[in-house]
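Trainee: What follows is a predicted structure for the sequence shown.
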Amino acid sequence: MEPFNIKVGFGEHEVTLTILPAKEGYYLILYFGGIIGAVKLDVDGEFWEQVPDGEIVPGDLPLYEPDLNAERLNFVLCEHTVDSIGEEIMSALRD
């Protein structure tokens with residue numbers, strides 16, 4: 001499967017993320033060219049969960065490094081953003 005972009009709300013803003021399906025069964029989340037994490041469906045296939053950082057295989061991709069001086073949002077993964085990302089992934093897969 002090819003990478004695709006999604007948009008999610010983050011506070012009062014909207015953030016574009018690149019989603020890269022991984023052969024390990026999860027989806028890598030890229031922000032400004034770096035991996036900020038990964039998500040997957042739980043065992044029951046009902047809820048989205050964050051993949052622990054130690055289980056992510058980044059390959060040749062760099063990890064995202066926040067830059068507080070840059071003109072971009074300091075996006076972080078949390079339960080709410082993981083759910084939003086999962087919903088957008090499901091929507092993109094249905095299209």
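Mentor: Arrived safely, thanks for sending.
Trainee: So which residues of this structure form strands?
Mentor: 4-10, 13-21, 27-31, 34-41, 48-50 (DSSP state E).
Trainee: With residue 28 as the reference, measure out to residue 57.
Mentor: Distance of residue 57 to residue 28, given as C-beta to C-beta, to the nearest Å: 9 Å. Using the backbone N, CA and C atoms, a C-beta is placed for each residue, glycine as well.
Trainee: and residue 26, how many neighbours?
Mentor: A count of nearby residues for residue 26, using other C-beta atoms under 10 Å, gives 20.
Trainee: Let me see the contact set for it.
Mentor: Residues near residue 26 by C-beta atoms under 8 Å, 6 or more residues apart in numbering: 38, 39, 40, 51, 56.
Trainee: Go again with 10 Å.
Mentor: Residues near residue 26 by C-beta atoms under 10 Å, 6 or more residues apart in numbering: 20, 37, 38, 39, 40, 41, 49, 50, 51, 55, 56, 57.
Trainee: mind putting the strands of the chain in TSV, mean pLDDT and mean neighbour count included?
Mentor: Output for these, formatted as TSV (pLDDT from 0 to 100; neighbours: other C-beta atoms under 10 Å):
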stretch	mean pLDDT	mean neighbour count
strand 4-10	90	15
strand 13-21	93	16
strand 27-31	96	23
strand 34-41	96	20
strand 48-50	97	18
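Trainee: Pipe those strands into JSON lines and attach distance to residue 78 per row.
Mentor: Shown next, in JSON lines, are these (distance: least, C-beta to C-beta, whole Å):
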{"stretch": "strand 4-10", "distance to residue 78": "10"}
{"stretch": "strand 13-21", "distance to residue 78": "13"}
{"stretch": "strand 27-31", "distance to residue 78": "12"}
{"stretch": "strand 34-41", "distance to residue 78": "10"}
{"stretch": "strand 48-50", "distance to residue 78": "8"}
